[in-house]
Structure formats: structure tokens, C-alpha cells
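> sequence below, structure please.
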Amino acid sequence: MGGSDLGRGGGPVGAEQMIAEARKAFFVMFAFLAVVWLLQLANYADDYAFSRDYGVVSGDVASLPDILSAPFLHWSWAHIESNSGPLFVFGFLAAYRGVARFLGLSLLVALTSGFVVWFFERGDVDTVGASGLIFGYFGYVVVRGIFDRHLIDTLIGVVMAASFAYMLTVAVPGTPGVSWLGHLGGLIGGLAGAWIFRDRRPRTLPATGSGSGTGTGTPTPPQNSASPRADLHKELGDLGLL
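Prediction:
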């Protein structure tokens, strides 16, 4: 009976928690995009007055609070359409390990992206758009698995880096037609967030008993998981793949 209880407290619980967090991440990103699109409708109806009034303007102290509003606004339908897909994909991947951590990451990325624009952009430009968040989530997803010591997340990061490395071409100095400073600032925030919000819990293997299951065995103390194969098996087990 002891073995059955241990099973209910091990992999299946981890899988249930992961699925619950993934479900919350999906609805958070769905709601986020819904808000962004509703604001775009209102912004378009008012001839993009929101973007002019609540964008980040370099060196303008009065626009500092707009660092938090600018990611929700865009300058055109093409602008919001090009951002929506990557925002949902990278946002979901950033959030599925924990929505609370994701919200902290989003605040950090919005601040780093906004402040880089505020300090270094030309003073006659109103900068808005979710691309700073996209680059932040991208950087976070790429390196999160390394800091969290999660092999599945590391593999996801490798795939995302290989598939979307071309995005970095619009985060280099002098890229015309885009806010490369906002992209670069967001990327820096995402990379920093992967370390700041890393999983600090020790990775341990579950305790096993040496007895016959009658309660007379002496439990083996938990040991640190030093085997990459054991880590991978645990991750796959949490996902219900083993």
C-alpha cells in the first residue's frame, strides 16, 4: 500500500500541476491578446491617439509611466498582426511553468525594454508595440531550461533558438523601420529574467524503502539527482510520456 501512495504523490501529481499551469498560461495569453486587440480597435477608431498619447518618448519624464502601457498599443493593423502570433507562442511557452513567475517576468521585460528606449531612442519618436515583450519571452524561453536544470525546457529552448534565430536580425543597431532598441532591451530583460526567476528548489530523487513493503524497511535518504538520464526520465514522466 505504501508504494501506491508514493505513486500518487510522485509523477502523476507533477503532471497534473503542469497541465493546470499550461491551461492557465493559455487563458492568460488569450486574455492578453484579447485586450491588445480591443485596444487596437479603440485606437484605430480614434486615429491612433492612444499610441500618440501613451507611447514612450525618449527623455520625456512625463512618458515614463507609459513604459507599462506602450506594449499594449500598436501603430497599424499590420503592426499588431505581425506581433500577435509570436506573442502568443512565446508568451505561452514562458508562462506554462508558472503564471506568477510569468507576470514578474513580463513586468521586468516591459521595464528593461521601455527604459532602453527612453534613454537611447531619438526624442521625436513615440514607441509602442509588444515586440519588446516578444523578444523578452524569446530570450527567456531559450535559456530558462539551463538555469532551471530542466532538460525538456532546454530542448524547447534549442528548438526555439534554431527556428527563430532570424529574429535577432531586428535587434541589432541601425535596423531601419523598427524599434531595435526596444527589441534589444526586451531580449536583455528576458535573459536576465531567466536567471532572476530560476527554479531554486533542489532537484532530488524520491526516497525508496529497502523493506518488503510491510513498513519494517529503513527509507533511503533523498539523494541529489546527478544523472542527466534520470532528470530526463523525470521530466518525461511529469509530462505523462513514460
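
> rest of the way, CA atoms for contacts and neighbours
Noted.

> how near is the most centrally placed residue in the chain to Pro173?
For the chain, the residue nearest the mean C-alpha position is Ala94 (2.4 Å; C-alpha atoms, centre = their mean). According to C-alpha to C-alpha, to the nearest Å, Ala94 and Pro173 sit 26 Å apart.

> how about Ala62?
Ala62 is 26 Å from Pro173, by C-alpha to C-alpha.

> residue contacts, the nearest residue to Leu68 once chain neighbours are set aside?
Leaving out its chain neighbours, the residue that sits closest to Leu68 by C-alpha to C-alpha, 6 or more residues apart in numbering is Ala110, at 6.4 Å. By C-alpha atoms under 8 Å, 6 or more residues apart in numbering, the contact set of Ala110 is Ile67, Leu68, Pro71, Gly132, Leu133, Gly186, Gly189.

> do the same with Arg101
Counted by C-alpha under 8 Å, 6+ apart, Arg101 has contacts Ala95, Phe197.

> ok so it is a helix residue?
Yes - with DSSP: H, G, I helix; E, B strand; the rest coil as the criterion, Arg101 is part of a helix.

> residue ranges for the helices of the protein, please.
Ranges of helices in the chain, per DSSP state H, are 2-8, 11-45, 49-53, 77-95, 99-120, 131-148, 151-164, 180-196, 228-238.

> quick one, which of those helices is packed in tightest?
Across the helices of the chain, averaging neighbours per residue (mean count of other C-alpha atoms under 10 Å) puts helix 131-148 on top, at a mean of 26.

> alpha carbons of that one, as CSV, please.
Provided in CSV are the C-alpha atoms of helix 131-148 (Å, rounded to 0.1, in the frame of the first residue of the first chain):
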residue,chain,number,x,y,z
SER,A,131,7.7,43.4,-29.8
GLY,A,132,9.8,44.2,-26.7
LEU,A,133,7.8,41.6,-24.8
ILE,A,134,8.2,39.1,-27.6
PHE,A,135,12.0,39.4,-27.6
GLY,A,136,12.0,39.1,-23.8
TYR,A,137,9.9,36.0,-23.8
PHE,A,138,12.1,34.6,-26.6
GLY,A,139,15.3,35.1,-24.7
TYR,A,140,13.7,33.7,-21.5
VAL,A,141,12.5,30.5,-23.3
VAL,A,142,15.8,29.9,-24.9
VAL,A,143,17.9,29.9,-21.7
ARG,A,144,15.3,29.0,-19.0
GLY,A,145,16.0,25.3,-19.2
ILE,A,146,19.7,25.9,-18.5
PHE,A,147,19.1,27.9,-15.3
ASP,A,148,16.2,25.7,-14.1
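
> other SSEs contacting it?
Judged by 3 or more C-alpha pairs under 8 Å, 6 or more residues apart in numbering; DSSP states H and E, helix 131-148 is in contact with helix 77-95, helix 99-120, helix 151-164, helix 180-196.

> just to check, Val170 is in contact with Val178?
Yes - if you go by C-alpha atoms under 8 Å, Val170 and Val178 touch, sitting 7.3 Å apart.
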